[in-house]
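Undergrad: Here you go, sequence then predicted model.
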Amino acid sequence: MVASQVHLVRHGEVFNPDGILYGRLPGFGLSKLGHRMAAAAADELLGRERPISALLASPLQRTRESAAPIAAAFALDVQIEERIIEPTNHFEGTVMSRALKKPVNWPFLINPARPSWGEAYSHIEKRMLAAIDDAFDSVESGDVILVSHQLPIWVTHLSVAGARFWHDPRKRRCALSSITTFERTLVEPATEATSGATPGADAVTTPNPSTEVEAGTQPPSSEHPENGAPVVRIIEVGYVEPAAELNAAATDVGAV
């Protein structure tokens, strides 16, 4: 048996009065509003009345603090999962609007498709899908919650959707304290062949190979099991914003 669902929860608002792009920097915890957002996410999960068997969080302060009300609601310990951490970023520690005015930083903007300013989207995809796969396999039943960050969650969404990774960071559908939910499903090889080995609107085969193409990918049909066994795919089944009313007053400038 495995987990029924894996929920990717984004952290709440961070106390960041100077508007720093904080990335992986230490010392950036939740604001008072951020704690309320995290509590809203915990309330949403509790209200679903689904059994939660494990809770994992990125090692950064804001995700650990966002996991705390969930841990209290379900009487779980928070396990640290390094693979769901915020990506590396050249602009970490800067105020982005100022950094963009400095010519020394312009070479890091040359390739937004990779992106050139930080960890490759394909690398984020690989580690996130591996962490999600392991989360499914880590329990015998119930759901697993992973508390992570906007870009890793959004890259996972794009990968599962088979969409290109190049996007406008201002238009990510991944609000503070939002919950994106995934399930595993089995797809018959005949269905895969009919699709032309192209991901559908909401799924992608896992595990996903590490490649430098900047779109969600899956192995070609020739790599499907020759014995005709079903192919395991991850599908996105839900997205909610429990803290939507609080987001209007929030500041969200911690990453690109």
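TA: Received, thanks.

Undergrad: Please name the residues that touch the residue most central in space within the chain.
TA: By CA atoms, centre = their mean, the chain has its centre lying nearest to residue 153, at 1.7 Å. Neighbour list for residue 153: 8, 10, 128, 174, 178, 180 [criterion: CB atoms under 8 Å, 6 or more residues apart in numbering]. In this view, the C-beta of every residue, glycine as well, is placed from N, C-alpha and C.

Undergrad: of the residues you listed, buried ones?
TA: When the contacts of residue 153 are checked for burial by 16 or more other CB atoms under 10 Å, the buried set is 8, 10, 128, 174, 178, 180.

Undergrad: next structured bit after the least confident helix or strand in the chain by mean pLDDT?
TA: Sorting the helices and strands of the chain by mean pLDDT, DSSP states H and E puts strand 203-205 at the bottom, at a mean of 38. Note on strand 203-205: by DSSP states H and E, the next helix or strand toward the C-terminus is strand 231-240.

Undergrad: who does that next one pair up with?
TA: Here strand 231-240 has these sheet partners by DSSP bridges: strand 179-187 (antiparallel), strand 203-205 (antiparallel).

Undergrad: Name the residues of that strand that are buried.
TA: Per 16+ other CB under 10 Å, strand 231-240 contains these buried residues: 231, 233, 234, 235, 236, 240.

Undergrad: Then stretch 95-104?
TA: residue 99.

Undergrad: ok, residues contacting that stretch?
TA: Residues from elsewhere that reach stretch 95-104 (CB under 8 Å, 6+ apart): 18, 19, 20, 21, 91, 105, 109, 253, 256.

Undergrad: try 6 Å
TA: 19, 21, 91, 105 (CB atoms under 6 Å, 6 or more residues apart in numbering).
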